[in-house]
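In: Just to be clear, the model below is a prediction. Sequence and coordinates:
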Amino acid sequence: MTASGGGATSMKRPEDIPSKPGVYLMKDSAGRVIYVGKAKALNKRVASYFSRPSSDSKINILLSRISLVDYIVCASEREALILEDKLIKKLRPFYNTLLRDDKTYPFLKVSFSERFPSVSVWRAKAIAKNPRDKMFGPYPETPGLRRLAFRVNETFGLKMCRKIPSAETERKNCFYLQTAKCSAPCQEGETVPEDYVKSALRAARFLSKGLGDFRKTLGEEIKKYAANLEFEKAAASRDMFRTLEGMSASVRFREVNAKVYENLSSVTENLRKLRDNLGLMHFPSKIDCADISNIGASYAVGSVVRFTLGEPDKNLYRRYKIKNAEARGAGNIPPTLKQNDFAMMKEVVARRIARLKRESPDELPDLFVVDGGKGQLSAAAEALEREAAGAIDLISIAKGSVADEIFVRGAKESFAAADDETAFAVIRRARNEAHRFAVAYHRKLRDAVFVQGRQKQ
């Protein structure tokens, strides 16, 4: 089996894929493998998905979720068949199961077949489908889906109850009416207001095209609620945010080694635990970690390393000479400002994000980790806001007397990362790797200056 290393360069066109047997793995924006297939000629098979719309609605739904296509080149069709079977059994991709049967996965439905349309969760086989209804999905099981349906109804003024109250007493006692959560179309009698139908149409268009902007709104809500210590509201918005992940994304293609997927199930589970334990918005498939190394103003440097699905991705490692003289403590700087670690961290994070946005925005991290405590966390947060990247999850990790301490932007309390907690292992590995990379660059610069000095003597 032939394939390049795990940090291979991403490509933009399926035509760049070789015409060889192999396996392709389609992934959503959270890094989850959602479909695995095999091919006699990888380039033709993968290109066929994107060349024209499919008559199969489930295939079109799959394509709308794809953010990245990994492929593995095999020596023969038989090898591709064996590898495909192995990966499907190991990873259990959602759409391989969906395309094989019609289990009751949830959809979002706008019920135009009802007198007063609204958005609700609908399951195949559980309820007969009406051709007048507009369907969106299917989606994996998620706690945010019902909250999303509720939020859309609330936003567009659609009815909140499953069954319109018939008696006057029922209408007066309606919770949603009393709390002004519903537009109360039932009060209009038998005639459906024209504006109500228009609102239902707008809700359908929103579910079709407007979810990107809504994700930004939810990201801002999460930060606001967390800052105000309204953690239940923040969690509800976070669940909806996760539901929206992967609904629309540009597609990239890259060649990987089959070994990348050997331990993917356990890695994915650990990353999911990390997300849940820290209350992150995103699944942390792409993690950046920054560190500073300095002894004196002349050698102040920083580093950023990238971990993709829990493994180092050295193609995206970067090192930085600190440019800000005030941060380095160089020149005629007052002693109180010398060696400003916070300013140096702010510079490194800002330069990292600015370059990714300029050159490869698809590679922006899901989670940014900085080495240090609350001060470094605040400095990094300022950098992300300055670069209009505030939606990226941000944490810092500091050495503690008993266990490492993790600070999460917007969280009131810190987290103790015990050494035996596997969910935090990737954060410690990233921190240690960023430190190693920064120290190595620092020594390289220092040694180069030393050699130059010896040569001048």
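Out: Perfect, I can see it now. Since we're looking at a predicted model, the values are computed, not measured.

In: List the buried residues in the helix or strand where residue 86 lies.
Out: Using DSSP states H and E, residue 86 sits in helix 77-91. Across helix 77-91, burial judged by 16 or more other CB atoms under 10 Å covers 79-80, 83-84, 87-88, 91. In short, each C-beta sits where N, CA and C put it, glycine included.

In: do stretch 387-403 as well
Out: 387, 389, 391-398.

In: other SSEs contacting whichever helix or strand residue 63 is part of?
Out: Using DSSP H and E, residue 63 sits within helix 57-65. The elements that helix 57-65 packs onto, with contact taken as 3 or more CB pairs under 8 Å, 6 or more residues apart in numbering; DSSP states H and E, are strand 33-39, helix 42-51, helix 94-100.

In: redo that, cut-off 10 Å
Out: On a contact count with 3 or more CB pairs under 10 Å, 6 or more residues apart in numbering; DSSP states H and E, helix 57-65 meets strand 22-27, strand 33-39, helix 42-51, helix 94-100, strand 134-136.

In: which residues sit against the third one?
Out: Contacts made with helix 42-51 from outside it, assessed by CB atoms under 10 Å, 6 or more residues apart in numbering, are listed as 13-24, 26, 35, 37-39, 41, 54, 59-60, 62-63, 66, 69, 71-74, 80, 251, 253, 255.

In: which stretches of the stretch 201-350 of the chain have low pLDDT?
Out: The stretch 201-350 of the chain contains residues with pLDDT under 70 at 209-213, 242-252, 260, 262-265, 295-298, 325-339.

In: Show me where it has its helices.
Out: Per DSSP state H, counting those that start in this stretch, the stretch 201-350 of the chain carries helices over the ranges 211-227, 231-244, 264-278, 325-328, 341-359.

In: what comes up buried for the longest one?
Out: Applying a neighbour-count criterion of 16+ other CB under 10 Å, one finds 341-353, 356 buried in helix 341-359.

In: And residue 113, which helix or strand is it part of?
Out: Per DSSP H and E, there is no helix or strand for residue 113.

In: now the strands: where do they sit in the stretch 351-457 of the chain?
Out: Listed in chain order, the strands of the stretch 351-457 of the chain (DSSP state E, counting those that start in this stretch) span 367-371, 393-398, 404-408, 415-417.

In: Could I get the ones you listed in CSV, plus columns for mean pLDDT and distance to residue 175?
Out: Listed next are those as CSV, based on pLDDT from 0 to 100; distance: least, CB to CB, whole Å:
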stretch, mean pLDDT, distance to residue 175
strand 367-371, 96, 39
strand 393-398, 96, 35
strand 404-408, 93, 35
strand 415-417, 87, 37
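
In: what's the closest of those strands to residue 324?
Out: strand 367-371 (16.4 Å; CB to CB).

In: Adjacent strands (with direction) for the closest one?
Out: strand 286-293 (parallel), strand 393-398 (parallel) (DSSP bridges).

In: Relative to residue 382, which of the helices and strands packed on helix 57-65 is closest?
Out: strand 22-27 (32.0 Å).

In: That closest one pairs with which strands, parallel or anti?
Out: Strand pairing (DSSP bridges) places strand 22-27 next to strand 33-39 (antiparallel), strand 68-73 (antiparallel).

In: Quick check, central residue of the chain?
Out: The residue lying closest to the centre of the chain (CA atoms, centre = their mean) is residue 282, at 3.9 Å.

In: With adjacent residues omitted, what lies nearest to that one?
Out: residue 366 (4.0 Å; CB to CB, 6 or more residues apart in numbering).

In: Residue 132 too?
Out: Per CB to CB, 6+ apart, closest to residue 132 is residue 113, 4.2 Å.

In: quick one, phi/psi of that neighbour?
Out: phi -80, psi -10 (degrees, to the nearest 10).

In: What's the separation between residue 390 and residue 397?
Out: 20 Å (CB to CB, to the nearest Å).

In: got it, and residue 349?
Out: For residue 349 relative to residue 397 (CB to CB), the value is 14 Å.

In: Equivalent analysis for residue 348, please.
Out: From residue 348 to residue 397 the distance is 16 Å (CB to CB).

In: now swap in residue 271 and tell me
Out: Taken as CB to CB, the span from residue 271 to residue 397 is 16 Å.

In: Name the nearest of the buried residues of stretch 387-403 relative to residue 309.
Out: residue 393 (15.8 Å).

In: Show me what the closest one is bridged to.
Out: Under the criterion used (DSSP bridges), residue 393 bridges to residue 367.

In: try residue 405
Out: According to DSSP bridges, beta-bridge pairing links residue 405 with residue 398, residue 416.
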